[in-house]
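From the sequence below, what's the structure:
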Amino acid sequence: MNLEKTPGEERPPQARAEGCLVVAIRIPVRIVVLVLVVPVRMVWDALAVGGRLLRDHVLRPVGRALAWAAWAVFVWPFVTAWRYAVVPVGKGLGLLGHVLVVVPLVWLYRTVLTPVGHALGVAALATAAALGWVLGGIGKALGLLYAHVLAPVGRAVAGLGRGIGALLAAVGTGVYTAAAWLVRYLLVVPGVWLYEWVLAPVGRGIAWAVRGLLWLVRMIFTGIGLAGYWTLRVLLVLPALALWRWVLVPVGHVLAVIGREIGAALGHAWRIAGYLSLAAGRFLGRLLRWIFVEPVRWILVEPVRWAYRTVLTPVGHVVRDAVLRPAAEAARGAGRVAREALAAARESARQARADFRRMLFGTPGKPLPVPSEPVPAVAGSSRREPGADGTRTLGSSKTALTKD
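Model prediction:
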C-alpha cells in the first residue's frame, strides 16, 4: 500500500482522521440500529413480494377480465348499433334528403331563379344609367351656380374680412405696447429691487441659522447613538457571541456527528438487512420448490415432456412429410388449375360481350384530337369561366342554361 501522498493531492473524505468520539459512537449505534432494522426490512421485503404476486397473479387478470366485460357490456352494443343501425339509417336519410330537398332546389335555381336574376340585373343596369344621367345634369347645374354666383360673393366677403383684420391688428399692437410699458415700470422693476436688497439677505441669514441648528441636532443624536450602540454591544452582542462560539457550536458539532453516524448506520443496516432478507427469501423459495414444485414436475410434467419429445414429435414429422406436404402440393396444383380455368372463362365472356356490343351498336368512333395550346384565361376569372370572346349573355347560346 502507498501510504505517502503528494503535497497537491487532497485526502478523500473517508481517509480523514476521525476523533475518538466518532469511533466511540459508531459501533454501538450500528449494532442497535441493525437489531432494530433487520425485522423491519424483512417485513418490508415480504410485503413487497406479496404485493408483486398479488399484482401479477390477481389484480392484472381481474383487471383484464373487468375490462373485457366492460367492453362487452358498454362498448360493443353501441359500436354494433352505430355500425348496423345508425349509419345505414343516416345514409338512407341523407339519400332521401338529397332526392326530396337538394334536387328540387337545384332545379328551382336553374329554371326559375337564374332567369329572374338576369332580368333583374338588366333592369338594375337600365335604372342605374337613367339615374346617372339625372345626377350628371344636377351636378352641372350646381357647378355653374358655384362658378358664377357663390365664388364672386365669397371673394368680396374675404376682402372685407382682411381689411377689418388689419385694422384690429393695428389697434391691438398699440394697446399691447402701452400695457407692457406700464407692467414693466410699475411691477417688474420694484419687484426685482425688493428681491435683491431685502428678501435675498434675509433668506441667506435664515438658511445659515437652520444649517447650524441641524448640525447641533445631528451631533446630539450621533452621541446618543454611539452610547446606545456600545451599551447594546457590551450587554447583548458580546455575551450572545460568546454563547454561540463556546457553547452552541460545540454542541451542534456533537449532534451533527451523532446524526451523521445514525444516518450511516441506518444505511448500512438497511443494506445488510436486505442481504439477510434476500438469503432468507431464497432459502424459503428453494425449500418450497423442493417440497411442492419438484415432486409435481417429476410426476406430471416430465412424463408429458418425455412423451412429446420421444413419441409425438417423430410421429408429427412423419405425418408432415408423408401426408400434409403432398396434400398441400396437390391442393396448390388444383387451385392453380382452377384459377387458370376461371381466367380463361372470364376472358371468353369479355370477348363475347365485346362482340355482342359491336354487333348491336357498331364500332365506336375515334376520339377528337385535343388542342396542344391552352386557351388563355381572363385575368381574375376562374378556370370554368369563358374567355373575352365568349362572354355569357342573355341573348347568346353560350350560357350555362341554354347551351346544347
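
In stretch 44-57, which residues are buried?
By 16 or more other C-beta atoms under 10 Å, the buried positions in stretch 44-57 come out as residue 45. To be clear about C-beta, it is placed using only N, CA and C from the backbone, and glycine gets the same treatment.

CA atoms only: put that stretch into PDB for me.
Extracted as PDB, the C-alpha positions of stretch 44-57 are listed here (Å, rounded to 0.1, in the frame of the first residue of the first chain):
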ATOM      1  CA  TRP A  44     -40.900  -4.800   4.100                       C
ATOM      2  CA  ASP A  45     -39.400  -7.400   1.600                       C
ATOM      3  CA  ALA A  46     -42.200  -9.900   2.500                       C
ATOM      4  CA  LEU A  47     -44.900  -7.200   1.800                       C
ATOM      5  CA  ALA A  48     -43.100  -6.200  -1.500                       C
ATOM      6  CA  VAL A  49     -43.000  -9.800  -2.700                       C
ATOM      7  CA  GLY A  50     -46.600 -10.400  -1.700                       C
ATOM      8  CA  GLY A  51     -47.600  -7.100  -3.400                       C
ATOM      9  CA  ARG A  52     -45.900  -8.200  -6.600                       C
ATOM     10  CA  LEU A  53     -47.600 -11.600  -6.500                       C
ATOM     11  CA  LEU A  54     -50.900 -10.000  -5.900                       C
ATOM     12  CA  ARG A  55     -50.400  -7.600  -8.700                       C
ATOM     13  CA  ASP A  56     -49.200 -10.100 -11.300                       C
ATOM     14  CA  HIS A  57     -51.500 -13.000 -10.500                       C
END
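
So what's the gap between that stretch and the chain middle?
39 Å (C-alpha atoms, centre = their mean, to the nearest Å).

element containing residue 162, please.
Using DSSP states H and E, residue 162 sits in helix 151-183.

Which pLDDT value goes with residue 8?
pLDDT, residue 8: 43.

again with residue 337
We have a pLDDT of 90 for residue 337.

again with residue 23
Looking at residue 23, its pLDDT reads 68.

can you check the one 5 residues further on too?
Model confidence at residue 28, expressed as pLDDT, equals 76.

which element follows the helix holding residue 162 toward the C-terminus?
helix 189-194.

which helix in this protein runs the most residues?
The single longest helix within the chain, with elements called by DSSP state H, is helix 249-288.

Could you say which helix or strand holds residue 363?
Taking DSSP H and E as the definition, one finds residue 363 inside no helix or strand.

which residues touch it?
Contacts for residue 363 were tallied using C-beta atoms under 8 Å, 6 or more residues apart in numbering; there are none.

and the gap between it and residue 322?
As judged by C-beta to C-beta, to the nearest Å, residue 363 and residue 322 stand 60 Å apart.

Near residue 277, how many other residues are there?
By other C-beta atoms under 10 Å, the residues close to residue 277 number 20.

From residue 60, how far out is the closest residue to it other than its chain neighbours?
Spatial nearest neighbour of residue 277, excluding adjacent residues (C-beta to C-beta, 6 or more residues apart in numbering): residue 45 at 4.2 Å. Using C-beta to C-beta, residue 45 is found at 21 Å from residue 60.

Ok, residue 230 next?
For residue 230 relative to residue 60 (C-beta to C-beta), the value is 77 Å.

ditto for residue 196
Counting by C-beta to C-beta, the gap from residue 196 to residue 60 is 103 Å.

returning to that earlier point: so for the longest helix of the chain, what's the average pLDDT?
Helix 249-288 comes out at a mean pLDDT of 84.

change the start of the numbering to 260 and stick with it
Okay, using 260 as the starting number, the last item reads as helix 508-547.

buried set for it?
516, 520, 521, 524, 525, 528, 529, 531, 532, 533, 536.

Make a markdown table from those residues and add distance to residue 408 to it.
A markdown table is the format used below for these (distance: C-beta to C-beta, whole Å):
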| residue | distance to residue 408 |
| --- | --- |
| 516 | 114 |
| 520 | 115 |
| 521 | 113 |
| 524 | 116 |
| 525 | 112 |
| 528 | 117 |
| 529 | 112 |
| 531 | 119 |
| 532 | 117 |
| 533 | 115 |
| 536 | 118 |
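
following the lowest-mean-pLDDT helix or strand in the chain, which helix or strand shows up next?
Across the helices and strands of the chain, mean pLDDT, DSSP states H and E gives its lowest value to helix 279-313, namely a mean of 79. Using DSSP H and E, the next helix or strand after helix 279-313 towards the C-terminus is helix 319-329.

pLDDT weak spots in the chain?
Within the chain, the ranges that satisfy pLDDT under 70 run 260-283, 621, 623-663.

Repeat the analysis, applying 50 as the threshold.
260-276, 634-647, 649, 656-663 (pLDDT under 50).

Distance of residue 307 relative to residue 301?
11 Å.

Same check on residue 489?
Per C-beta to C-beta, residue 489 is found 65 Å from residue 301.

more neighbours, the two?
Higher neighbour count among residue 489 and residue 301: residue 301, with 16 against 10, using other C-beta under 10 Å.

re earlier: does the residue nearest to residue 536 touch residue 534 like I think?
No: with contact defined as C-beta atoms under 8 Å, residue 304 does not count as touching residue 534 (10.8 Å).

Check which helices and strands the least confident helix or strand of the chain sits against.
helix 508-547 (3 or more C-beta pairs under 8 Å, 6 or more residues apart in numbering; DSSP states H and E).

Please compute how far the helix it packs on lies from its chain's middle.
In terms of C-alpha atoms, centre = their mean, the centre of helix 508-547 is found 47 Å from the chain centre.

just stretch 472-492 next, same as before
Worked out by C-alpha atoms, centre = their mean, stretch 472-492 lies 63 Å from the chain centre.

same deal with stretch 407-415?
71 Å.

Can I get it as CSV, trimmed to CA atoms?
C-alpha atoms of stretch 407-415 as CSV (Å, rounded to 0.1, in the frame of the first residue of the first chain):
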residue,chain,number,x,y,z
HIS,A,407,-71.0,82.4,-61.4
VAL,A,408,-72.7,83.2,-58.1
LEU,A,409,-71.0,81.7,-54.9
ALA,A,410,-67.4,82.3,-55.9
PRO,A,411,-67.7,86.1,-56.6
VAL,A,412,-69.7,86.6,-53.3
GLY,A,413,-67.0,84.7,-51.4
ARG,A,414,-64.2,86.7,-52.8
ALA,A,415,-65.9,90.0,-51.8
